[in-house]
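A.B. asks: Kindly generate the corresponding structure for this input.
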Amino acid sequence: MSREIRLNAFAMNCVGHQSSGLWRHPRDASANFNDLGYWTSLGRTLERGKFDGLFLADVLGVYDVYGGSPEAALRTATQVPVNDPLLLIPALAQVTEHLGFGVTCALTFEQPYVFARRMSTLDHLTKGRIAWNIVTGYLESASKGVGQAGQSSHDLRYDMADDFMEVVYKLWEGSWEDGAVVRDRARGIFTDPEKVHRVRHDGPHYQVDAIHLSEPSPQRTPVLYQAGASPRGRAFAARHAECVFVAGNSPAQLAPMVADLRARAAAQGRDPRDLQIFTLITLVPGRTMAEAEAKHAEYLSHVSVEGALTLVSGWTGIDLSTYDPDEPLRHVNNNAIQSALESLTRSDGDPTKVWTIRRIAENAGIGGLAPVVAGDPAHIADTLQRWIAEADIDGFNLAYAVSPESFEDVVDLVVPELQRRGVYKREYQPGTLREKLHAGAGPRLPASHHGASHRWRSGG
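C.D. replies: Predicted coordinates:
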């Protein structure tokens, strides 16, 4: 039996997200990102298409690596202006019943005690549909914006992340016992103080001495996403992640990464299938192949080359304005996104796959560096099924070219074809997001997950 394909919409509370210049397209509405109606309409569309979630990216800071200045980012709307993604969630939850919400928050710029309450609040308001994409940040401008001297080293950020996770697990899982909230009107007792416990943590990076401020939410710990594919990032994912966001240009490129992630999870005593792995892709559907190809060409005519290079410069930490168009990108050691840099500097021995600056600009214009698949519903369904089978992934984060058109086309054209093939849900499973993603799971972290070890047990 074919594996059920999972789909997330990949978006950001900004203009265009990863399709540089496409905000100029006459049918694009992403410039209305400041309007709550834009988001609630999108949420309804995604739920109509039985999407598993809306995955919201975020960055603190501006893309100022290209040309050593934020001018290009500002001029081309390269993820600036950008608003807080968390504030969208309550409104989206109000107009949907099942859609999950994966929100990116860089823990490097958060305090775990305060952050834990924010996630618990969202888990309550969504009735257990919140997920957190754990990232450590990569923009130097973000570090300076919050008053830090500069970006910490890549591996040190993951060391800090491990310590951060220990704190929030203790708060979410161990501070309040089940049954602590009694709501006893007759006795005038809302919470039994004996069942609420102080968290004490004295780690290398974070110190906490407090009780968690929120009563237990439906999931307690939100569904945990992770989006780092470096070796250190994979080690972190094996210990903490329930869903992993990866990127690659082909199933063959992804397969070894996916196998490594699953093997690392098994080494942690977890079921390798406890990791739901999503890869980035951009779909351009049409009713016919010719219609899809014409639409793709139309989208390409609106791409901003400067915007695309500004985006990739920020991801890699390399100023691409200093390169000649036909010069290949060279690998350097820095504190940006290592997996992005590795994928752009590895040709796998094939000279036709060398990433020159010109090729990067051509490929990054729509959906970032995700593969773009244009075609009729059958062609796209064939492609998605092949990636699932060959890369051993579970689903896709769908970047858009034009919003909401790209998502509407998937809902109206691709989803029915996947349903006809029996590889996509016709109805949502009941329960929390964790229960929807993992058949037979409960609302809380499984016992095999490291975070579950912090649950309160009698005797301490």
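A.B. asks: What count of nearby residues applies to residue 8?
C.D. replies: If you count neighbours by other Cβ atoms under 10 Å, residue 8 ends up with 26. C-betas here are computed from N, CA, C, even on glycine.
A.B. asks: lowest-pLDDT helix or strand in this structure?
C.D. replies: helix 338-345 (a mean of 54; mean pLDDT, DSSP states H and E).
A.B. asks: What is the subsequent helix or strand relative to that helix?
C.D. replies: helix 357-364 (DSSP states H and E).
A.B. asks: what ranges do the helices span in the stretch 51-200 of the chain?
C.D. replies: Ranges of helices in the stretch 51-200 of the chain, per DSSP state H, counting those that start in this stretch, are 71-76, 89-95, 112-125, 140-145, 154-169.
A.B. asks: right, so of those, which gets closest to residue 418?
C.D. replies: Taking Cβ to Cβ, helix 89-95 is the member of these nearest to residue 418, at 23.6 Å.
A.B. asks: JSON lines please, covering the helices of the stretch 51-200 of the chain and showing distance to residue 279.
C.D. replies: Output for the helices of the stretch 51-200 of the chain, formatted as JSON lines (distance: least, Cβ to Cβ, whole Å):
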{"stretch": "helix 71-76", "distance to residue 279": "26"}
{"stretch": "helix 89-95", "distance to residue 279": "24"}
{"stretch": "helix 112-125", "distance to residue 279": "25"}
{"stretch": "helix 140-145", "distance to residue 279": "25"}
{"stretch": "helix 154-169", "distance to residue 279": "21"}
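A.B. asks: Comparing these, which yields the minimum mean pLDDT?
C.D. replies: When the helices of the stretch 51-200 of the chain are compared on average pLDDT, helix 140-145 comes out lowest at a mean of 81.
A.B. asks: And for that one, what's in contact with it?
C.D. replies: 59-65, 70, 106, 108-109, 137, 149-152, 317, 335 (Cβ atoms under 8 Å, 6 or more residues apart in numbering).
A.B. asks: State the phi and psi torsions of the residue nearest to residue 436 when sequence neighbours are not counted.
C.D. replies: Spatial nearest neighbour of residue 436, excluding adjacent residues (Cβ to Cβ, 6 or more residues apart in numbering): residue 429 at 4.7 Å. With angles defined as degrees, to the nearest 10, residue 429 sits at phi -70, psi 150.
A.B. asks: Residue 429: how many residues sit nearby?
C.D. replies: Residues near residue 429, counting by other Cβ under 10 Å: 13.
A.B. asks: What of the one 10 residues further on?
C.D. replies: For residue 439, the count of nearby residues is 8 (other Cβ under 10 Å).
A.B. asks: Which positions are bridged to the residue nearest to residue 79 when sequence neighbours are not counted in the beta structure?
C.D. replies: Of all residues not flanking residue 79 in the chain, residue 14 sits nearest, at 5.2 Å (Cβ to Cβ, 6+ apart). With DSSP bridges applied, residue 14 shows beta-bridge pairing to residue 82.
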